[in-house]
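# need coordinates for the below:
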Amino acid sequence: NADEKQKTTPLVTGSLAEKLSGVRGAIDMALRSMPCIVFLKNIDKELITADIDAETRTEEEKRFAVVLATAIAQNPLPSDARRSAWNYSSPPIQFVISSSKPLPPGPLSSLSTGSAVKISRPDCNYARKIWESAHTKSEHQGP
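Numbering: from 1, shown residues only. Reported below is the predicted structural model:
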């Protein structure tokens with residue numbers, strides 16, 4: 001299925017240098033489009049797993065962290081034409097990093113300015129429980 005393949009295919013593939021180049025390209029586009037959010041999806045799948053080679057994983061995280069930290073440090077104010085659309089209480093570019101598993105302590109997790117948010121899909125039993133709960137409440141409330 002083409003739709004399913006699109007959902008699971010990483011946007012940035014190849015060597016670490018190519019991946020970092022792709023992130024830099026996304027940041028350059030964000031700088032031209034701010035205010036905006038840069039969403040780095042499943043970052044942990046782009047890195048070597050720590051159980052295979054923890055030292056290489058840390059080095060890869062450091063290189064991603066340097067690219068992101070540099071972008072954050074150089075985050076300029078938007079041009080006058082776009083200032084009216086920008087809420088000055090937030091930075092002109094925000095980075096959101098998702099991962100399939102919690103990021104271990106390291107260079108990427110140290111960049112976080114907020115707490116991690118775990119999002120999961122409800123299973124059928126959970127959906128049924130919510131449905132039945134809502135149905136039971138409406139029966140007890142009456143007309």
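# what about the protein, any weak spots by pLDDT?
Low-confidence segments of the chain, defined by pLDDT under 70: 1-13, 50, 75-90, 135-143.
# which residues of it fall in helices?
Here the chain has its helices, by DSSP state H, at 2-8, 16-33, 43-46, 54-73, 80-83, 107-110, 124-141.
# can I get those in CSV with mean neighbour count?
(Glycine included, C-beta is placed from N, CA and C.) Below are the helices of the chain laid out as CSV (neighbours: other CB atoms under 10 Å):
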stretch, mean neighbour count
helix 2-8, 8
helix 16-33, 15
helix 43-46, 18
helix 54-73, 16
helix 80-83, 10
helix 107-110, 17
helix 124-141, 9
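# export those to JSON lines and tack on distance to residue 91?
Putting the helices of the chain into JSON lines (distance: least, CB to CB, whole Å) gives the following:
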{"stretch": "helix 2-8", "distance to residue 91": "29"}
{"stretch": "helix 16-33", "distance to residue 91": "11"}
{"stretch": "helix 43-46", "distance to residue 91": "19"}
{"stretch": "helix 54-73", "distance to residue 91": "8"}
{"stretch": "helix 80-83", "distance to residue 91": "14"}
{"stretch": "helix 107-110", "distance to residue 91": "18"}
{"stretch": "helix 124-141", "distance to residue 91": "36"}
